[in-house]
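> Sharing a model prediction with you, sequence too.
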Amino acid sequence: MIDKIFLDSNVVVYLFDKSERQKQSRIKKLIAQHITQSKIYLSVQVINEFVIVTSKKIAFPITASRQKEIIELLNDLFSIVPLNYITSLRALELSVKYKLSYWDSLIISSAIENMCNILFTEDMQNGLIIEDKLKIVNPFS
């Protein structure tokens, strides 16, 4: 079975955050391991969070023109999926059921909607299984 992997915003940020060299190296290796044998997804939410974080919240902010280049690269490498009404409703349900933030639940909802079986993130409980479908994996554990 081919894994369908979803990347959370923090994982994408680490790919380009020069101040987090160890995490950057780990994520690059992880992507290299999976890029040819898995399908990798991220959502427009991840793209939007990436822009906000890399423009203001990292040690070496990324310019808008470079962010645009990166987004185009991400689009070439991965499947960027939209959010919709159902994604948002499911996120509300998941946030209550699993006691997660709405924003984390929106990531999870999008991953499930796209039939992913792994979500790489450092923000949620490592090993947690959501709806018997999606495994949360902290790539730094």
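Received, thanks.
> Let me see the ranges of the strands in this protein.
Along the chain, counting by DSSP state E, strands occupy 4-7, 39-43, 79-81, 118-120, 129-130, 134-137.
> Now render the ones you listed as a markdown table, adding mean pLDDT, mean neighbour count and distance to Q24.
All C-beta atoms are positioned from the backbone trio N, CA, C, and that covers glycine. A markdown table is the format used below for these (pLDDT from 0 to 100; neighbours: other CB atoms under 10 Å; distance: least, CB to CB, whole Å):
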| stretch | mean pLDDT | mean neighbour count | distance to Q24 |
| --- | --- | --- | --- |
| strand 4-7 | 98 | 24 | 14 |
| strand 39-43 | 98 | 22 | 17 |
| strand 79-81 | 98 | 16 | 21 |
| strand 118-120 | 98 | 22 | 14 |
| strand 129-130 | 98 | 15 | 27 |
| strand 134-137 | 98 | 20 | 18 |
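> Would you mind giving the ones you listed as TSV with distance to Y98 added?
As requested, those are exported to TSV (distance: least, CB to CB, whole Å):
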stretch	distance to Y98
strand 4-7	16
strand 39-43	18
strand 79-81	21
strand 118-120	12
strand 129-130	7
strand 134-137	10
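> who wins for proximity to R90 among those?
R90 lies closest to strand 129-130 among the strands of the chain, at 10.8 Å (CB to CB).
> what sits against L83?
S43, V44, Q45, L106, S110 (CB atoms under 8 Å, 6 or more residues apart in numbering).
> pretty sure the fourth one is touching N48, no?
It refers to L106. No. Counting by CB atoms under 8 Å, L106 sits too far from N48 to count as a contact (11.0 Å).
> Comparing those two, which shows the higher neighbour count?
Using other CB atoms under 10 Å, the more surrounded residue of L106 and N48 is L106, with 22 against 12.
> returning to what we had before: and the two most separated of the contacts of L83?
V44 and L106 (10.5 Å).
> Where does pLDDT dip in the chain?
1 (pLDDT under 70).
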